[in-house]
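1. Return a 3D structure for these sequence lines:
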Amino acid sequence: MYQSAFFALRDTRTTARIAALRVLFAAIAGAALMLQFEPIHWGSLHISAGLFGDMQSGGRPLGPIGLAAGATLGAWFEWTLLRRRLSARVGSVGPGTGHVVRMFAAALVAGAIGYGIGAATQPLHPLPRALVVGAGYGAAYLLVARLLGLSEAVALWRTLARRFTRRAR
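-> Numbering: from 1, shown residues only. Okay, the predicted model is just below:
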């Protein structure tokens with residue numbers, strides 16, 4: 001969304017520069033985090049794994065988790081830079097810190113509930129299990145977000161309540 005705002009301002013240079021910084025940041029962070037899970041062997045070069053080098057899943061090292069975490073950090077880095085630059089040009093933009101913290105809290109609680117549902121539905125075939133876990137996560141997120149007063153969740157909750165109340169009559 002912030003990139004689109006810069007495009008609307010006819011400033012593509014800022015987004016291109018920040019995107020290049022994101023790629024560099026994500027590559028460095030991904031490599032550093034991958035090394036925490038998996039050693040690197042390249043010709044005669046050998047770099048030992050870091051803190052989580054002994055962890056494996058199905059006999060395979062978890063290096064891709066580090067790469068994914070690096071990509072995620074890169075996305076947040078880009079988001080932060082774009083938001084700051086856009087705020088400097090047009091004034092305050094986007095949700096405040098409190099709003100973002102409440103969204104993360106709702107996501108963490110819903111993630112824990114989704115994980116629990118996944119563990120409880122282990123015997124199911126993967127597709128129905130994914131549907132059950134996804135529905136449980138979504139419902140938990142909506143409920144927690146509403147309890148935390150996130151305006152979007154409150155508005156959706158009210159809309160759903162109105163529709164179901166009308167149908168019950």
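
2. only C-alpha atoms for contact and neighbour calcs from this point on.
-> OK.

3. List the contacts of the residue nearest the centre of the chain.
-> What sits nearest the mean C-alpha location of the chain, by C-alpha atoms, centre = their mean, is T72, with 6.9 Å. Neighbouring residues of T72 by C-alpha atoms under 8 Å, 6 or more residues apart in numbering: A26.

4. Okay, domains of this structure per the record?
-> Here the domain assignment for the chain is 1-94, 95-169, based on automatic domain parsing.

5. moving C-terminal of the longest helix along the chain, what's the next helix or strand?
-> In the chain, taking DSSP state H as the definition, the longest helix is helix 63-90. Moving toward the C-terminus from helix 63-90, the next helix or strand (DSSP states H and E) is helix 97-120.

6. how deep is R10 tucked in, by neighbour count?
-> Using other C-alpha atoms under 10 Å, R10 has 10 other residues around it.

7. I'd like to know the phi and psi angles of it, please.
-> Backbone torsions for R10, taken as degrees, to the nearest 10, come to phi 60, psi 40.

8. got a pLDDT number for it?
-> Note on R10: pLDDT of 94.

9. now it: how far from Y141?
-> Counting by C-alpha to C-alpha, to the nearest Å, the gap from R10 to Y141 is 37 Å.

10. Kindly report the same for L127.
-> From L127 to Y141 the distance is 21 Å (C-alpha to C-alpha).

11. ok, the two, which is more surrounded?
-> A count of neighbours by other C-alpha under 10 Å puts Y141 above the other of L127 and Y141, at 24 against 9.

12. residue contacts, the more buried one?
-> Here Y141 is in contact with A106, A107, V109, A110 (C-alpha under 8 Å, 6+ apart).

13. Let's verify it: helix, strand, or coil?
-> Here Y141 takes the helix state, with states given by DSSP: H, G, I helix; E, B strand; the rest coil.
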